[in-house]
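here is the input, now give the coordinates:
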Amino acid sequence: MDDRNFVIILSDIHMGTAAPTVCYRKEVHEKYLITVLNDIIVRANQIREVVLLGDIFEFWTYPPDQPPPTIDDIIATHPKVLGTKGKLCQLLSVLEGRVVFIPGDHDMNVTQSDLNKIISAEGYTISYKPSYYIPSYDRHIKFAHGHEFTLLNAPYFVSKISPIPIGYFVSKAIAYKIQNESKKDANVTESKLMQCTGNSITEIFSKDSKFLEHYEESLDFVSCFIDELADATGMPKNRYIKVSKKIEVCLNEVKKIYSNLNNDFNILLKKQELSVQKFQLNDLVQVNKTYLPNYIQKSVLDPFIDIIVMGHTHHPLKTFVNRIIQYVNVGSMCPFSIKTQTEAFTYGIYNLSTQCVDLMEVSGENTIKIHPYKNIIRTCKKNSSHITSNKNINKAQLNIEIKEENIIPVSSFTFGWSVYDSSLEFWKEMQKGVLSKGQELGIDILTNNEKSNTIEMITGSIDLIGEGINALIIAPFNPELLPAIVANAQKYKVPVVAIDTGTGGADVVGFIVSDSFGGGVYAGEYALILINKYLIKSKNIAIIKVQKTAKYALMRGEGFKSVMLAYGYIVVAEETANSVESEGYEVMKSILATYANDLAVVFSENGTMALGAARAIEEAGKKGIIMLIGFDATPSVINAIKNGLMQGTIAQQPFEMGELGVEIANLALLGKPISYDDTVNKLILMEVYLVDEKGNIRKNII
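Below you'll find the predicted structure:
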């Protein structure tokens, strides 16, 4: 039995340096934060995981003449929290590394390498999640910071300072105002300065009828916005802002950089079937209020998510969307210093047993206490009619007596595992996941290596069924023939779980696949970053495709193409290389014969073909000139990236997919419920992420 029933959610702490423009003040906020971290440490045996839900670090709110700090600067400023003996490292120790980080807008530049600098004595570090997080232990809850769905703060990829959004310059202008006021009056106090700028800049705009009139008429929004920003803060539009140690831009240049912002955001929202005009205006006027719940059902949620938890707005909130989705905003652990008497330090606690999220408040001066946040209704997804006031909940009740039933009960079955080709790195890693989870659950695993051969797939799988297995897990080489295998398995009441390549329409109990279309979109958005970075003029792109039977892997190219076509790029070649490295090499040579001097980016729908393409590009003398992005993060692909042969790849999670295959088969045999992303097709999507040209994880590519 696993007694760890609780997930702790902390958001919007905004730890930066000691610059007076930074909201988090160590002398004000640290004691509250440490109180919460101590409480988690004491209750570690009850905690499944801690989720750091974005804007944990502060890289934006510094005066224009100061470049943003490094993560090392921030760690050095807060040794009691972030240092080697700090509370976060202690937390990592007692939770054995069960801490995840999702970037917000103010810390969108943080990477896994940065997080690795916060390391416990045992070597535990914080795990990085690129933009949202659906935990494997409960696939009905989704964590996202929320900035991705706002006009001002969504990452903006089509610029020379990508992915910095226009909202970054709002923070810089406010910091300028604080700095300027300080220079005018040496006696001005920090609290007075923060009071001057504590209100949302959009609240200032909302008082200007001319601004709103221009906005609603869809005139030059960006130019109007920057003019209002400069007027409200006193910042000259020709005053340069240090975006980094090497890059400076002024507000006049910002107008040009983001001149197409409305249209670009329009494209994003149209993909999500949202009302652009209504969404943007709400974003501007009510950014710190309750705009997110109005849009999350279509813009954030998968069809079968029950609970969405966000931060970003700094306003704690619990509500339902269309009486189906529970929306929770955990608020902030960093209210403005001047507002600490009226605004609460808040965070969230998710109870896995009851599927409830409680909002907690930290208050007091000499004696600091943790208690349920006032005026919030407590709602439970397992019984939506059970609604009670938080005034009846005391701290002791958070130590729930009910113990969660083990999510994946241990059993003594024998499973068959039929793998596409165990000699290939991707499938070898997936097989490790299958065997590891089988050993953990006491399940014997019999294996069949299909060796990239249809006959081996069919005969080997049927042989496994004939040996009396309880369930079959298969990564089919030819998914179109999987229905024949499933029909045979059903005669013996053997459930089948398919992984990755497809089902051919077979009646499986679960189909686990990476978010291929989303991964293709990631690749497209990253391609735009590379094109801007290296000043590539060509508008031509090429796609190297997997075999036609790999229905879901083919969606990778469709995702990539959807982004590139939207920005005026032309697909000059789409050729199949059947997931074979040598064919990838030949296809790439063929494409280069025509387009060697006029090709911006090549996207390969898997890593094996990408390795062949990389060899052809290098031989043609176009290494680092024609951008190459793959799909898979096997050791060979990562080495190719580090050697400059590829500029990035979309990383899948083959080990975790293998583990999940065993878990799903086990649940099916035990009659336990299975959570699907698509119940009709019994589809379970696995998150993918981007590895950039330096071999590091790239975040906020959404």
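
is it true that residue 685 touches residue 517?
No. With contact taken as C-beta atoms under 8 Å, residue 685 and residue 517 are classed as non-touching, separated by 9.7 Å. (C-beta placed from N, C-alpha, C; glycine too.)

how close does the most centrally placed residue in the chain sit to residue 603?
A centroid search over the chain (C-alpha atoms, centre = their mean) returns residue 131, at 1.8 Å, as the residue closest to the centre. Look at residue 131 and residue 603: by C-beta to C-beta, to the nearest Å, they are 20 Å apart.

again with residue 566
From residue 566 over to residue 603 the distance is 15 Å, taken as C-beta to C-beta.

more neighbours: those two, which one.
Taking residue 566 and residue 603 together and counting by other C-beta atoms under 10 Å, residue 603 has the greater number of neighbours (31 against 16).

so what's that one up against?
Residues touching residue 603, when contacts are defined by C-beta atoms under 8 Å, 6 or more residues apart in numbering, comprise 520, 523-524, 527, 541-544, 556-557, 560, 629-631.

bridging residues for it?
Residues found in beta-bridge contact with residue 603 (criterion: DSSP bridges) are residue 543, residue 629.

re earlier: need the residues touching each of residue 685 and residue 517.
With contacts defined as C-beta under 8 Å, 6+ apart, no residue is adjacent to both residue 685 and residue 517.

any idea how far the spatially closest residue to residue 632 that is not a sequence neighbour lies from residue 94?
Closest residue in space to residue 632, ignoring its immediate chain neighbours: residue 607 at 3.0 Å, by C-beta to C-beta, 6 or more residues apart in numbering. Taking C-beta to C-beta as the measure, residue 607 and residue 94 are separated by 37 Å.

between those two, who's got more neighbours?
Taking neighbours as other C-beta under 10 Å, residue 607 and residue 94 compare with residue 607 leading, 27 against 16.

correct me if wrong: the more buried one contacts residue 635.
No. Distance between residue 607 and residue 635: 10.1 Å, which falls outside the contact criterion (C-beta under 8 Å).

list residues touching both of the two?
When contacts are counted by C-beta under 8 Å, 6+ apart, residue 607 and residue 635 have residue 425 as shared neighbours.

for the stretch 551-700 of the chain, which segments count as helices?
With DSSP state H, counting those that start in this stretch as the definition, the stretch 551-700 of the chain shows helices at residue ranges 554-566, 581-595, 607-619, 635-642, 654-670.

do the stretch 101-250 of the chain as well
Taking DSSP H, counting those that start in this stretch as the criterion, the stretch 101-250 of the chain carries its helices at 112-115, 167-184, 190-197, 201-206, 209-216, 221-233.

low-scoring pLDDT stretches of the stretch 451-600 of the chain, where are they?
Under the criterion pLDDT under 70, no range of the stretch 451-600 of the chain is flagged.

gap between residue 68 and residue 633?
If you measure residue 68 against residue 633 using C-beta to C-beta, the figure is 28 Å.

these two: which is more packed in?
For the pair residue 68 and residue 633, the greater number of neighbours falls to residue 633 (26 against 19), based on other C-beta under 10 Å.

can you tell me how far the more buried one is from residue 434?
Per C-beta to C-beta, residue 633 is found 19 Å from residue 434.

and for residue 679?
From residue 679 over to residue 434 (counting by C-beta to C-beta), the distance is 24 Å.

also residue 445?
If you measure residue 445 against residue 434 using C-beta to C-beta, the figure is 6 Å.

hey, what's in contact with both of these two?
Shared contacts of residue 445 and residue 434, counting by C-beta under 8 Å, 6+ apart, come down to 417, 662.

and the two? Which one has more around it.
More crowded of residue 445 and residue 434, by other C-beta under 10 Å: residue 434, with 27 against 19.

need the phi and psi values for that one.
With angles defined as degrees, to the nearest 10, residue 434 shows backbone torsions of phi -60, psi -50.

per-residue pLDDT, the closest residue to it other than its chain neighbours?
Among residues not flanking residue 434 along the chain, residue 658 sits closest, at 4.0 Å (C-beta to C-beta, 6+ apart). Predicted confidence (pLDDT) at residue 658: the value is 96.

can you name the residues that contact residue 658?
By C-beta under 8 Å, 6+ apart, the residues touching residue 658 are 429-437, 473, 499.

between the residues you listed, which is nearest residue 235?
residue 429 (51.2 Å; C-beta to C-beta).

for residue 26, see how far away residue 179 is.
Taking C-beta to C-beta as the criterion, residue 179 is separated from residue 26 by 20 Å.

cool, residue 50 as well?
Distance, residue 50 to residue 26, by C-beta to C-beta: 21 Å.

what sits against residue 96?
If you count contacts by C-beta under 8 Å, 6+ apart, residue 96 has them with 122, 124.

can you check residue 434 too?
Contacts were defined as C-beta under 8 Å, 6+ apart; by that measure residue 434 touches 417, 419, 445, 473, 658-659, 661-662.

please repeat the previous calculation with a cut-off of 10 Å.
The neighbours of residue 434, taking C-beta atoms under 10 Å, 6 or more residues apart in numbering as the test, are 415, 417, 419, 443, 445, 447, 473, 475, 499, 654-655, 657-662, 665.

please pick the buried ones from those residues.
If you count burial by 16 or more other C-beta atoms under 10 Å, the buried members of the contacts of residue 434 come out as 415, 417, 419, 443, 445, 447, 473, 475, 499, 654-655, 657-662, 665.

what does the model give the residue nearest to residue 632 for pLDDT?
Residue 607 carries a pLDDT value of 93.

between residue 179 and residue 26, who's got more neighbours?
Legend: neighbour count by other C-beta under 10 Å for residue 179 and residue 26, higher for residue 179 (19 against 15).

give me the nearest residue to that one, chain neighbours excluded.
Once flanking residues are discounted, residue 179 sits nearest to residue 63: 4.4 Å by C-beta to C-beta, 6+ apart.

surely that neighbour meets residue 233?
No. Residue 63 is beyond contact range of residue 233, at 11.8 Å (criterion: C-beta atoms under 10 Å).

more crowded one of the two?
Counted by other C-beta under 10 Å, residue 63 and residue 233 do not tie: residue 233 has more neighbours, with 21 against 18.

which of the three states applies to residue 445?
strand (DSSP: H, G, I helix; E, B strand; the rest coil).

that one pairs with what?
For residue 445, the beta-bridge partners under DSSP bridges are residue 415.

what sits against it?
Taking C-beta under 10 Å, 6+ apart as the definition of contact, the neighbours of residue 445 are 413-417, 431, 434-439, 469, 473, 662.

please report how far it lies from residue 625.
46 Å.

what sits against residue 473?
Contacts here follow C-beta under 10 Å, 6+ apart; on that basis residue 473 touches 415-419, 430, 434, 437-438, 445, 447, 464, 495-499, 508, 510, 512, 658, 660-662, 664-665.

what's the spacing between it and residue 223?
Taking C-beta to C-beta, one finds residue 473 at 57 Å from residue 223.

and residue 56, by the same measure?
For residue 56, the distance to residue 223 (C-beta to C-beta) stands at 34 Å.

likewise residue 423?
As judged by C-beta to C-beta, residue 423 and residue 223 stand 58 Å apart.

so which of these two has more stuff around it?
residue 223 (16 against 11).

leaving out the residues flanking it, which one is nearest to that one?
Ranked by C-beta to C-beta, 6+ apart and with sequence neighbours excluded, the top spatial neighbour of residue 223 is residue 255, at 5.2 Å.
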